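Asker: no sequence for this one, just the structure:
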């Protein structure tokens with residue numbers, strides 16, 4: 001399935017696939033991502049995950065001891081990430097919004113990553 005061209009189409013696409021996203025997406029990059037995050041880790045371990053989706057990777061990073069701020073513009077996907085993090089009692093905070101409009105205090109994040117996100121055009 002391909003993602004339709006307009007922003008509205010893409011947003012509704014992720015509404016539709018939110019329940020099945022993790023089953024379809026899988027976790028093939030997890031070992032490499034964890035290794036990379038550990039190798040560039042600073043002392044604070046504060047991570048911003050842009051387009052966190054269902055928390056497929058960000059909740060797992062939180063379980064590994066990172067303090068993760070998961071940002072997504074889709075409320076259905078983000079709700080799954082928040083629910084998963086609560087069940088696993090890990091340091092994950094979900095925020096609904098866009099990276100371009102996220103006010104963060106200076107030096108509050110040590111690492112930023114994004115995977116499978118689409119530009120807003």
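Answerer: Cool, the structure landed. Quick caveat, the model's predicted, so the values are computed rather than measured. Residues are numbered from 1 along each chain as shown.
Asker: which residues are in contact with stretch 59-70?
Answerer: Residues from elsewhere that reach stretch 59-70 (Cβ atoms under 8 Å, 6 or more residues apart in numbering): 30, 33-34, 37-38, 41, 44-49, 52, 55, 58, 78, 81, 84-85, 88, 90-95, 109, 111. Every residue, glycine included, has its C-beta placed from N, CA and C.
Asker: Now the buried members of those residues.
Answerer: 37, 45-49, 52, 55, 58, 78, 81, 84-85, 90-92, 94, 109, 111 (16 or more other Cβ atoms under 10 Å).
Asker: Tell me which of these fall in helices.
Answerer: Of the positions in these, 37, 58, 78, 81, 84-85 sit in helices, assigned by DSSP state H.
Asker: surely residue 113 meets residue 52?
Answerer: No - look at residue 113 against residue 52 with Cβ atoms under 8 Å: they stay out of range, at 9.7 Å.
Asker: quick one: the strands in the protein?
Answerer: 46-50, 67-72, 92-96, 111-114 (DSSP state E).
Asker: could those strands go into CSV alongside distance to residue 103 and mean pLDDT?
Answerer: Written out in CSV, the entries for the strands of the chain read as follows (distance: least, Cβ to Cβ, whole Å; pLDDT from 0 to 100):
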stretch, distance to residue 103, mean pLDDT
strand 46-50, 12, 91
strand 67-72, 12, 94
strand 92-96, 11, 94
strand 111-114, 15, 84
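Asker: could I get those as JSON lines with distance to residue 105?
Answerer: Conversion of the strands of the chain to JSON lines gives the following (distance: least, Cβ to Cβ, whole Å):
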{"stretch": "strand 46-50", "distance to residue 105": "11"}
{"stretch": "strand 67-72", "distance to residue 105": "12"}
{"stretch": "strand 92-96", "distance to residue 105": "14"}
{"stretch": "strand 111-114", "distance to residue 105": "14"}
